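Trainee: Any chance you could fold what I've pasted below:
(one chain, ligands or ions: 1)
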Amino acid sequence: MRRLIRSFGFAFKGLAYAAESQPNFRIHLVMSLVAIALGFALHISTAEWQWVMLCITLVLVTELLNTAIETLTDLVSPTYNVKAGHVKDVSAGAVVVAAVFAFITGMIIFIPKLILLF
Ligand SMILES: Nc1ncnc2c1ncn2[C@@H]1O[C@H](COP(=O)(O)OP(=O)(O)OP(=O)(O)O)[C@@H](O)[C@H]1O
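Mentor: Next comes the predicted model:
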């Protein structure tokens, strides 16, 4: 049990490191809170909540993995290296793919409800 609590402690340390060091991670956290607030305000359905939560999870997880990959790349290749550049670019590409998916899903769920309000 003590080991489990210790592991959670390390995981939260990782989350705190990403939040402190990565402006993009902070932006995605704020966007996630905005999506959750909109979800409550617009009374979205259970199925829509599942899509919203999937998008939030996907974006935050890819952002965390991107941070880990960037940190590891800087560790193993502190000087310029073409392959290190590719590693970082591909990793950043994964975040963009997740963010585009989240943006499109958000539009599909929220735009019709926002239009009905006006
Ligand atoms: N060691 C390296 N060798 C070659 N190219 C690199 C190297 N480090 C960074 N790059 C190039 O510079 C780009 C930006 O790298 P950087 O480490 O600044 O990440 P970043 O854009 O600041 O990421 P984030 O904003 O998510 O923290 C990389 O995507 C890559 O193309």
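
Trainee: residue of the chain with the smallest distance to the ligand?
Mentor: residue 85 (2.9 Å; CB to the nearest ligand atom). For the C-beta atoms, the positions are set from N, CA and C on the backbone; glycine is no exception.

Trainee: how many neighbours does that residue have?
Mentor: Using other CB atoms under 10 Å, the number of residues around residue 85 comes to 12.

Trainee: which strands and helices sit next to the helix or strand containing it?
Mentor: Element membership of residue 85 [criterion: DSSP states H and E] is helix 82-117. On a contact count with 3 or more CB pairs under 8 Å, 6 or more residues apart in numbering; DSSP states H and E, helix 82-117 meets helix 23-41, helix 46-76.

Trainee: Take those helices and write them to TSV, including mean neighbour count, distance to residue 99 and mean pLDDT.
Mentor: Converted to TSV, those look like this (neighbours: other CB atoms under 10 Å; distance: least, CB to CB, whole Å; pLDDT from 0 to 100):
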stretch	mean neighbour count	distance to residue 99	mean pLDDT
helix 23-41	15	8	97
helix 46-76	16	6	98
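
Trainee: For residue 96, find the nearest of those helices.
Mentor: helix 46-76 (8.9 Å; CB to CB).

Trainee: other SSEs contacting that closest one?
Mentor: helix 2-21, helix 23-41, helix 82-117.

Trainee: next one: the longest one to chain centre, how far?
Mentor: When you say that, I think you mean helix 82-117. Put simply, helix 82-117 sits 9 Å off its chain's centre (CA atoms, centre = their mean, to the nearest Å).

Trainee: how many degrees apart are it and helix 46-76 in direction?
Mentor: 160 degrees (axes from the mean of the first three to the mean of the last three CA atoms, to 10 degrees).

Trainee: Perfect, that will be all.
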